[in-house]
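Participant: Here's a sequence, model it:
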Amino acid sequence: MITKLFIVDDHYMVIEGIRSLLQHENNIEWMGHATNAASCLSFLKQQLPDVVLMDINLPDKSGIDLCKEVKELYPALQILGLSTFNQQAVIQHMMQNGASGYVLKNATKEELMEAIQVVSAGKNYLSFEAALSLRESKQSQPLITRREKEVLLLIAEGLTNAEISEKLFISVPTVNTHRKSLLEKFGAKNTAILISMASRQGLIL
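Facilitator: Okay, here's the model as predicted:
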């Protein structure tokens with residue numbers, strides 16, 4: 001089966017590097033490239049590839065946001081996140097926004113081919129390093145309740161205990177209990193550290 005491939009990346013050397021790697025593969029049809037989100041969306045109005053390799057950092061829009069927009073417009077299209085970033089929060093957000101996989105730019109030709117084949121078949125693919133990053137984050141991520149998560153998100157928005165109490169229809173002492181519990185579970189000395197740690201672990205977008 002031939003997979004129609006399109007790449008979105010603002011670095012010409014990356015585009016040319018991947019194209020040269022894959023141009024002689026019989027089961028890959030190279031459809032072209034875009035260097036920003038606007039030209040990607042413009043291309044997709046004309047033609048639809050099977051798989052899009054999408055960079056996380058684009059000059060006019062985050063690849064994470066573009067991924068969500070493209071999947072809403074073209075649900076059948078498969079997206080592979082492409083990045084030098086191995087942070088678990090970035091990987092999680094990309095997958096949550098509809099990507100079927102995530103590969104790093106240091107991937108071998110074999111790994112890239114495998115990723116394209118897997119997602120074109122409708123399955124998910126994570127490169128070894130990306131999967132390892134997610135696994136490590138899950139092991140270190142504290143278990144918090146649904147209510148604690150709600151309180152955490154409102155703390156991150158800068159709300160006071162009284163404002164959180166009013167928003168969630170719970171008492172101020174209950175909010176304070178949840179706040180203390182969150183600080184203990186994360187091992188954070190203060191609210192600023194708590195928010196920073198929760199953000200790094202992908203709990204706060």
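Participant: just checking, Ile15 touches Phe6?
Facilitator: No - counting by Cβ atoms under 8 Å, Ile15 sits too far from Phe6 to count as a contact (10.6 Å). C-beta here means a position set from N, CA and C on the backbone, and glycine is covered the same way.
Participant: quick one: common contacting residues for those two?
Facilitator: Common contacts of Ile15 and Phe6 (Cβ atoms under 8 Å, 6 or more residues apart in numbering): His33.
Participant: more neighbours, those two?
Facilitator: Ranked by neighbour count (other Cβ atoms under 10 Å), Ile15 and Phe6 place Phe6 first, with 22 against 19.
Participant: Nearest residue to the more buried one in space, ignoring adjacent ones along the chain?
Facilitator: Nearest non-adjacent residue to Phe6, counting by Cβ to Cβ, 6 or more residues apart in numbering: Pro49, 4.0 Å away.
Participant: Where does Asn86 sit: helix, strand or coil?
Facilitator: coil (DSSP: H, G, I helix; E, B strand; the rest coil).
Participant: For Ser171, the count of nearby residues, please.
Facilitator: So Ser171, with other Cβ under 10 Å, has 11 neighbours.
Participant: Which residues are in contact with it?
Facilitator: By Cβ under 8 Å, 6+ apart, the neighbours of Ser171 are Ser165.
Participant: Now do the domain split for the chain, please.
Facilitator: As recorded under automatic domain parsing, the domains making up the chain are 3-138, 141-200.
Participant: so of the ones you listed, which one's packed in deepest?
Facilitator: Each of the domains of the chain was scored by mean neighbour count; the highest is domain 3-138, a mean of 18, by mean count of other Cβ atoms under 10 Å.
Participant: Assign the residue nearest the centre of the chain to helix, strand or coil.
Facilitator: Taking Cα atoms, centre = their mean, the centroid of the chain lies closest to Met94, which sits 1.7 Å from it. Three-state call for Met94 (three-state DSSP): helix.
Participant: Now it: closest residue in space, sequence neighbours ignored.
Facilitator: Once flanking residues are discounted, Met94 sits nearest to Gly81: 4.1 Å by Cβ to Cβ, 6+ apart.
Participant: Direction included, what does the helix or strand harbouring the one you found pair up with?
Facilitator: In this assignment (DSSP states H and E), Gly81 forms part of strand 78-83. Neighbouring strands of strand 78-83 in its sheet, by DSSP bridges, are strand 51-55 (parallel), strand 101-104 (parallel).
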